[in-house]
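Chemist: here is a sequence with its predicted model. Questions after.
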Amino acid sequence: MDLRIEDYALIGDEHTAALVGRDGSVDWLCLPRFDSPACFAKLLGTEDHGHWRIAPKGAQLCTRRAYRPDTLVLDTEWDTPDGSVRVTDFMPQRDRAPDLVRVVECLDGHVAMRGQLRLRFDYGSIIPWMRRADSHRVAVAGPDSAWVRSHPEVRTWGKDFATHFEFTLEKGDKVAFVLTWHPSHRPRPAFGDPFEALDSSVEDWRAWAAQCRYRGPHRDAVVRSLITLKALTYAPTGGIVAAPTTSLPEKLGGVRNWDYRYSWLRDSTLTLEALLGAGYHEEAEAWRDWLLRAVAGDPADLQIMYGLSGERRLPEYELSWLPGFGGSAPVRIGNEAVKQLQLDVYGEVIDSLSLARRAGLPVKPHMWRVQCALMEFLRKAWRQPDAGLWEVRGERRHFVYSKVMAWVAADRAVRALESSPGLAGDLEGWRAMRDEVHREVCERGYDPERNTFTQYYGSRALDASLLLIPRVGFLPPDDPRVTGTIDAVRAELSYDGFLRRYSQDRSDVDPLPGSEGAFIVCSFWLAEALHLIGRPDEARELFERLVGVCNDVGLLAEEYDPETGSLLGNFPQAFSHLGLVGTALALYGAETAV
């Protein structure tokens, strides 16, 4: 039975995450971190690459499923001829060892259940050695071990290199299954009570969600997006992964399959704005601190992305034994785009640190020195061509958005010096740079014939990132060049009312074959741009359509195919959920935040 990307739901413990399908199968889980090798990789292969299914005998897709309100605790229910049953999946807040807990409860009648656990370490390539230890089953291979237990105990047996179990529940009966990962060289981990862990998880998530200040339309969608962003946060460092998955395709059967289990600098300002606007200052400060640690060093070595703890080396390679989601190969681990020059990230970092200062986050002693070092490098480097925001793997160009973000860097640095004269910095030099960048972009990146900015100097192609020109303050919303650009982007990049990232039929910057879906965050940018230029009805109509793209449990992938109604790309995608939160705050937040 083939599942679609939207058939999955997320659970996690702020160190890693799992994807649970409508059929009751956990098909993706990396342990112990988001970027660790997967022990369940059926998402990108077959059952033989690892999964864990619990469902009624003979049942296929569930009858219904939902998160418990304001939590990351997932309830999946089946109605059968003999009764109804619920499987509750969650990962408790981590103490030391990561746990995946699955609680099975009979709601009515009596239901015969069947389970199959197939552990495969290293992305499905390693079959572990299974043994019994008291009432547990233990899987060991190299550095990894996984302990499996049930409360009360359920009889299990091994067959075909998998663990099987069957049991029948009467109304009111409950059984909890727990999978605990542990380094294989260490003594057996301590085991807690799974039912107490369930109560604590529900309580903890609801207490966190209650801090949300947003009270406007679609508050449930905003809170779900914030919970998702929290779940994609690596708690020890504050870094936020772009997605918990790798190689989910931008087009089924295509080759645009990338590893997104890292933290991107391009998300910096959107992340801070969303967290601060919704009232989550602690999380915003943790992200700001991660950012400062990650970018420390020679400004010339600034990367577009980093590992969860700020790691710089993310070598890309392919897993030949995995066929890919829906046959979409290759499956890639690591991300070669880490080596690209993207000048926009300098603007993102400086803008984020400027926002953090204005929001009143505690100032770090070295924060301004970091910004000065970045500015001095950018003053010399901004005239270079780069790879652009979208990490295209073609030749470098003079991308307009990259130049606009160089202007943002200079503008924020100048404003900081103007508001705080005691700060050290080259006010006149940075002001001159700001004016020069602005003048060049307006001369070389603007097409007066069509009244629109273009993707790069001399190009006729368009790019959705141009929608951010009024948002960052490069030009005021009522400037005719802004409205012209918004109208042109909307007309040329439209995909059934949503937006693609750039003109695939006109742009020569992308050498990869195949197409992709509508890019969800770009459509949110369009809604916000329409709001800025005084078209609130159009903005809100588009926002309503975008909220409707969320799957049944409120999650968004990177892209959407309006023709099939399917989600595409890595899932769930932080960029998309940041777009939802940010646009809701822009459209309604000033009226409804408390």
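Modeler: Received, thanks.
Chemist: under the pLDDT cut-off, which ranges of this protein? List them.
Modeler: 504-508, 510-514, 590-594 (pLDDT under 70).
Chemist: got the domain ranges for it?
Modeler: Here the domain assignment for the chain is 5-187, 214-311+326-354+361-418+449-592, based on automatic domain parsing.
Chemist: C-alpha coordinates for stretch 522-536, PDB please?
Modeler: Extracted C-alpha coordinates of stretch 522-536, given in PDB (Å, rounded to 0.1, in the frame of the first residue of the first chain):
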ATOM      1  CA  CYS A 522       6.400  31.900  -1.800                       C
ATOM      2  CA  SER A 523       2.600  31.900  -1.900                       C
ATOM      3  CA  PHE A 524       2.500  33.100   1.600                       C
ATOM      4  CA  TRP A 525       4.900  35.900   0.600                       C
ATOM      5  CA  LEU A 526       2.400  36.800  -2.100                       C
ATOM      6  CA  ALA A 527      -0.400  37.100   0.400                       C
ATOM      7  CA  GLU A 528       1.700  39.300   2.600                       C
ATOM      8  CA  ALA A 529       2.800  41.500  -0.300                       C
ATOM      9  CA  LEU A 530      -0.800  41.900  -1.400                       C
ATOM     10  CA  HIS A 531      -1.600  43.000   2.100                       C
ATOM     11  CA  LEU A 532       1.300  45.500   2.100                       C
ATOM     12  CA  ILE A 533       0.200  47.200  -1.100                       C
ATOM     13  CA  GLY A 534      -3.400  47.700   0.100                       C
ATOM     14  CA  ARG A 535      -5.200  44.600  -1.300                       C
ATOM     15  CA  PRO A 536      -6.300  43.000   2.000                       C
END
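Chemist: outside of that stretch, which residues touch it?
Modeler: When contacts are defined by CB atoms under 8 Å, 6 or more residues apart in numbering, stretch 522-536 is touched by residues 464-465, 467-468, 470-471, 477-478, 482-483, 486, 489-490, 493, 498-501, 538-540, 542-543, 546, 576, 579-580, 582-583, 586-587. The C-beta positions use only the backbone N, C-alpha and C, and glycine is treated the same way.
Chemist: assumed residue 86 was part of a strand.
Modeler: Yes: counting by DSSP: H, G, I helix; E, B strand; the rest coil, one finds residue 86 located in a strand.
Chemist: neighbours around it, how many?
Modeler: Applying other CB atoms under 10 Å, we find 18 residues neighbouring residue 86.
Chemist: and for residue 563?
Modeler: By the criterion of other CB under 10 Å, residue 563 has 10 neighbours.
Chemist: wait, it sits on residue 515?
Modeler: No: proximity of residue 563 to residue 515 does not meet the contact threshold set by CB atoms under 8 Å, at 11.2 Å.
Chemist: just the strands in the stretch 51-200 of the chain please.
Modeler: With strands called from DSSP state E, counting those that start in this stretch, the stretch 51-200 of the chain shows them at 51-56, 64-67, 74-80, 83-90, 99-118, 129-133, 136-141, 144-151, 156-159, 162-170, 174-183.
Chemist: now these in TSV, with distance to residue 252?
Modeler: Output for the strands of the stretch 51-200 of the chain, formatted as TSV (distance: least, CB to CB, whole Å):
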stretch	distance to residue 252
strand 51-56	20
strand 64-67	24
strand 74-80	25
strand 83-90	26
strand 99-118	25
strand 129-133	35
strand 136-141	32
strand 144-151	31
strand 156-159	33
strand 162-170	28
strand 174-183	30
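Chemist: for the nearest residue to residue 53 once chain neighbours are set aside, what are its contacts?
Modeler: Closest residue to residue 53 apart from its sequence neighbours, by CB to CB, 6 or more residues apart in numbering: residue 25 at 3.8 Å. Residue 25 makes contacts with 42, 51, 52, 53, 55, as judged by CB under 8 Å, 6+ apart.
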